[in-house]
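1. My questions are about this predicted structure, shown below with the sequence.
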Amino acid sequence: AQSVTQLGSHVSVSEGALVLLRCNYSSSVPPYLFWYVQYPNQGLQLLLKYTTGATLVKGINGFEAEFKKSETSFHLTKPSAHMSDAAEYFCAVTLNAGNNRKLIWGLGTSLAVNP
Amino acid sequence: NAGVTQTPKFQVLKTGQSMTLQCAQDMNHEYMSWYRQDPGMGLRLIHYSVGAGITDQGEVPNGYNVSRSTTEDFPLRLLSAAPSQTSVYFCASSYSGGAGDYNSPLHFGNGTRLTVT
């Protein structure tokens, strides 16, 4: 069965440090890949997505992610963390399931940014 | 630009009561869905719709009903609330969920926090 694994349910970084949130997926076909962010008491919003083409994808708020097919990974990075980056981050994969969208979610990673 | 609007924001129910969670979007999106979010369990799909008059079950549909009479609205009904339905509920929509268009991002509402006692 297809799955999405986010390594580390909680990640803590210092302000200004590198942010690295890990996402691995299992799929026998090329997927579409997404990262969403959820700020406290809000719904999720799209950070970035990979569909086809360039494997390094840039998103909002300085985040980027690289699709590595050989590693079945789509890790999210940001060179310098800001206090406002504290949120829950979700990796998701869309798979071709005939006539229906099949979106598989990771369990999320909570990012804390320390001053 | 309202996007996806969910009401109410908070609700407390007693076991056995019924209620409807409202969801409306103003983006003319064909695809709409309901998720529940529980600690440690991520997001789980309850029901979804690929257009007016068309609904289908997600992975956790028991205890919930939906209908889609218009493109804009997708209410979620709890028939007889149970404590296990205590959760945060999110409505999400996208431009298309049908075949051939799997890269449309979901737009989420701000959620309804439901407590069943």
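-> Looks like it came in fine.
2. if I look at the residue in chain B that chain A sits nearest to, how far off is residue B:96?
-> Per C-beta to the nearest C-beta, the residue of chain B with the smallest distance to chain A is residue B:108, at 3.2 Å. Every C-beta, even on glycine, is put in place using the N, C-alpha and C of the backbone. Distance of residue B:108 to residue B:96, given as C-beta to C-beta, to the nearest Å: 17 Å.
3. more neighbours, the two?
-> residue B:108 (23 against 16; other C-beta atoms under 10 Å in any protein chain shown).
4. the longest strand in the chain is where?
-> Let's take chain A. strand A:87-97 (DSSP state E).
5. I was after chain B.
-> Assignment by DSSP E gives strand B:42-51 as the longest strand of chain B.
6. ok, and for the helix or strand that that one is followed by, which residues are buried?
-> Next in sequence after strand B:42-51, counting helices and strands by DSSP states H and E, comes strand B:54-57. Residues of strand B:54-57 classed as buried by neighbour count (16 or more other C-beta atoms under 10 Å in any protein chain shown): residue B:55.
7. Let's verify residue A:70: helix, strand, or coil?
-> helix (DSSP: H, G, I helix; E, B strand; the rest coil).
8. Residue A:113 now?
-> Reducing the assignment at residue A:113 to three states with three-state DSSP gives strand.
9. so who does it touch?
-> Taking C-beta atoms under 8 Å, 6 or more residues apart in numbering or on different chains as the criterion, residue A:113 is in contact with A:12, A:13, A:14, A:15, A:81, A:82, A:83, A:85, A:86.
10. Which of these are buried? Put it as a PyMOL command.
-> The PyMOL selection below is limited to those of those classed as buried (16+ other C-beta under 10 Å):
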select buried, chain A and resi 13+81+85+86
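11. restrict the contacts of residue A:113 to those near chain B?
-> Counting by C-beta under 8 Å from any C-beta of the partner chain, the subset of the contacts of residue A:113 that neighbours chain B is empty.
12. which two from the contacts of residue A:113 end up farthest apart in space?
-> Using C-beta to C-beta, the contacts of residue A:113 span at most 14.3 Å, a distance reached by A:12 and A:82.
13. what are the phi and psi angles of the residue of chain A found nearest chain B?
-> Among all residues of chain A, residue A:43 sits closest to chain B, at 3.2 Å; criterion: C-beta to the nearest C-beta. With angles defined as degrees, to the nearest 10, residue A:43 sits at phi -80, psi 180.
14. ok, it to residue B:15 distance?
-> Taking C-beta to C-beta, one finds residue A:43 at 27 Å from residue B:15.
15. Same check on residue A:69?
-> From residue A:69 to residue B:15 the distance is 49 Å (C-beta to C-beta).
16. before we move on, what about residue B:27?
-> Counting by C-beta to C-beta, the gap from residue B:27 to residue B:15 is 36 Å.
17. Looking at those two, which is more packed in?
-> Comparing residue B:27 with residue B:15 by neighbour count (other C-beta under 10 Å), the higher total belongs to residue B:27, at 14 against 11.
18. Name the SS class of the more buried one, please.
-> coil.
19. I figured it hits residue B:107, correct?
-> Yes: judged on C-beta atoms under 8 Å, residue B:27 makes contact with residue B:107 at a distance of 6.7 Å.
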